[in-house]
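Student: what's the 3D shape of this:
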Amino acid sequence: MRNRIQESGVRSQEPEVRSQKPCLAIGCISVLLFVFLAAYCLLPTAHSVKAEPVNVQPRPVGVVTDTPAITIATTTATSSATPTTSAREAQIQWAFGTVSGTYSSCTVQAKTSYDGVSFLTLGSPASVTVTSNTVNAWTVIEQLGTTSVTTSSVSSSAALGFGQLTEFSFSCSSYGTSAPVSISVIYR
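Tutor: Take a look at the predicted model:
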């Protein structure tokens, strides 16, 4: 009889142990799913990237470096345009190579476009020295208001901030035969 009691005790414990194993497995799977779901939600999402011109190198924290192309053959020339929708300032450098002839009273004017077609001046023209191996550097900074809200004067020729595209217009009162230049711009 004692054997029967022990056997019945063993038999009564076995179903309990078996019923706990599936619950334990389901609990572990639930915890793992929760961990994976939480990790997935916390991972940064990939942003869609617009195709930029070949000369544009995106940098972290909204910084873009650009090397716009320009050919100086006469008294005026215009560089290729760069996307600048989120820019607030531009640090510009024009480094001339071996210049042939004499260039005098030369300026570079930043121009920006809100519609991609019409370009408005951005800031004042910068005077540049066009001689062999000369580096010219300057900065264009978007105007900040002195109060919480500032409305600029309406203009059909000038802008106070960067639009969707920015280019540079080169101008001289007299020119030589060639002025090769490397342009480097950092937009922030």
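
Student: D66 reaches R188, doesn't it?
Tutor: No. At 11.8 Å, D66 and R188 do not qualify as touching, with contact defined as Cβ atoms under 8 Å. C-beta here means a position set from N, CA and C on the backbone, and glycine is covered the same way.

Student: the bottom helix or strand of the chain by mean pLDDT?
Tutor: Least confident helix or strand of the chain, by mean pLDDT, DSSP states H and E, is strand 56-59 with a mean of 59.

Student: before we move on, back to that, ok, D66 and R188, which is more surrounded?
Tutor: D66 (23 against 14; other Cβ atoms under 10 Å).

Student: hey, what's the more buried one bridged with?
Tutor: Per DSSP bridges, residues listed as beta-bridge partners of D66: V56, V185.

Student: cool, P83 as well?
Tutor: Where P83 sits in a bridge, its partners, by DSSP bridges, are L165.

Student: for L165, see how far away S80 is.
Tutor: Using Cβ to Cβ, to the nearest Å, we find S80 at a distance of 10 Å from L165.

Student: which residue of the two possesses the greater neighbour count?
Tutor: Using other Cβ under 10 Å as the criterion, S80 and L165 rank with L165 on top: 19 against 16.

Student: domains of this structure?
Tutor: Here the domain assignment for the chain is 8-43, 56-143+157-187, based on automatic domain parsing.
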